[in-house]
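> show me the folded form of this:
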Amino acid sequence: MADPELKRCGWVSDDPLYQQYHDQVWGRPELDDEALFAKLCLDGQQAGLSWITILRKQKSYEEAFCQFNAEKILKMPDAERDKLIENPGIIRNKLKINSIFKNAEAYLKIKEQESFKDFIWQFTNGKTVINEWRDQKQVPVSTDSSRQMAKTLKKAGFTFVGETICYAFMQAVGMVNDHTIDCHCYEKVCEEAIT
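Coordinates of the predicted model:
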């Protein structure tokens with residue numbers, strides 16, 4: 001259970017689910033291909049919405065999309081696929097639903113050539129970028145790296161991967177440490193950083 005008294009980054013609300021996500025997941029390096037794919041898809045679902053909305057629906061997304069197993073997603077029968085738009089547990093937006101199928105195809109094509117981890121982490125040269133922000137207002141919404149990632153992912157066939165979504169993804173999977181220096185997670189995340 002998250003401690004409500006701890007000093008956290010300015011974007012974290014008093015929602016225990018949000019606090020737990022911030023304390024245990026956000027900024028921790030993720031190196032598992034399937035977990036990276038799942039996170040990229042979920043970040044795309046966030047477009048135009050708050051992250052807490054997606055976080056609350058994450059389990060429903062995992063159930064609806066075969067635990068983000070790309071092969072299983074693509075084998076989903078058409079009837080099951082068509083019913084996703086009626087699923088109240090996910091964002092019922094046809095473009096966003098279809099994006100997960102497109103992303104699964106693109107992901108598997110990349111996996112034929114290299115690990116998804118290597119493909120994704122190339123945008124920070126395989127290392128965590130450790131920032132030293134004093135205030136949440138200093139944290140950018142995109143960077144040259146996220147712009148390059150967005151461009152490369154789109155070229156590979158991914159959708160809902162703009163530069164802002166890519167930067168949020170990079171923050172979440174520990175490619176950058178954007179915890180502010182006064183946050184109780186900052187030092188721990190620095191220790192876990194890939195250097």
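> relative to residue 119, how far out is the residue of the chain positioned farthest from its centre?
In the chain, counting by C-alpha atoms, centre = their mean, residue 79 sits farthest out from the average C-alpha position, at 28.1 Å. Residue 79 sits 33 Å away from residue 119, going by C-beta to C-beta, to the nearest Å. (Glycine included, C-beta is placed from N, CA and C.)
> give me phi/psi at residue 14?
phi -90, psi 10 (degrees, to the nearest 10).
> quick one, helices of the chain?
Using DSSP state H, the helices found in the chain span residues 16-24, 33-45, 51-64, 70-74, 78-83, 94-113, 116-121, 144-155, 163-172, 186-192.
> which one, of these, ends up nearest to residue 134?
Closest of the helices of the chain to residue 134 is helix 186-192, at 10.9 Å (criterion: C-beta to C-beta).
> for stretch 142-156, buried residues please.
142-143, 145-147, 149-150, 152-153 (16 or more other C-beta atoms under 10 Å).
> where does the chain have low pLDDT?
Applying pLDDT under 70 to the chain picks out residues 1-2, 4.
> let's see that with 90 instead.
1-5 (pLDDT under 90).
> residues near the closest residue to residue 12 other than its chain neighbours, how many?
With C-beta to C-beta, 6 or more residues apart in numbering as the criterion, residue 12 has its nearest non-adjacent residue at 4.7 Å, and that residue is residue 22. Using other C-beta atoms under 10 Å, residue 22 has 22 neighbouring residues.
> ok, now how distant is residue 22 from residue 49?
Per C-beta to C-beta, residue 22 is found 18 Å from residue 49.
> residue 42 now?
11 Å.
> go on, residue 94?
Taking C-beta to C-beta, one finds residue 94 at 16 Å from residue 49.
> those two: which is more packed in?
A count of neighbours by other C-beta under 10 Å puts residue 49 above the other of residue 94 and residue 49, at 13 against 9.
> how about the nearest residue to the more buried one once chain neighbours are set aside, what does it touch?
Once flanking residues are discounted, residue 49 sits nearest to residue 91: 7.1 Å by C-beta to C-beta, 6+ apart. Going by C-beta atoms under 8 Å, 6 or more residues apart in numbering, residue 91 touches 45, 49, 53-54, 57, 97.
> could you find the closest non-adjacent residue to residue 120?
Computed as C-beta to C-beta, 6+ apart, the closest residue to residue 120 that is not its neighbour in sequence is residue 36, at 5.5 Å.
> check the gap between the one you found and residue 138 for me.
26 Å.
> okay, these two: which has more neighbours?
Neighbours per residue (other C-beta under 10 Å) separate residue 36 from residue 138, with residue 36 holding more: 23 against 11.
> from residue 175, how far out is that one?
10 Å.
> next up, the contacts around the nearest residue to residue 165 once chain neighbours are set aside.
In space, and not counting its chain neighbours, residue 165 is closest to residue 43: 5.1 Å by C-beta to C-beta, 6+ apart. Residues near residue 43 by C-beta under 8 Å, 6+ apart: 54, 160, 165, 168-169, 172.
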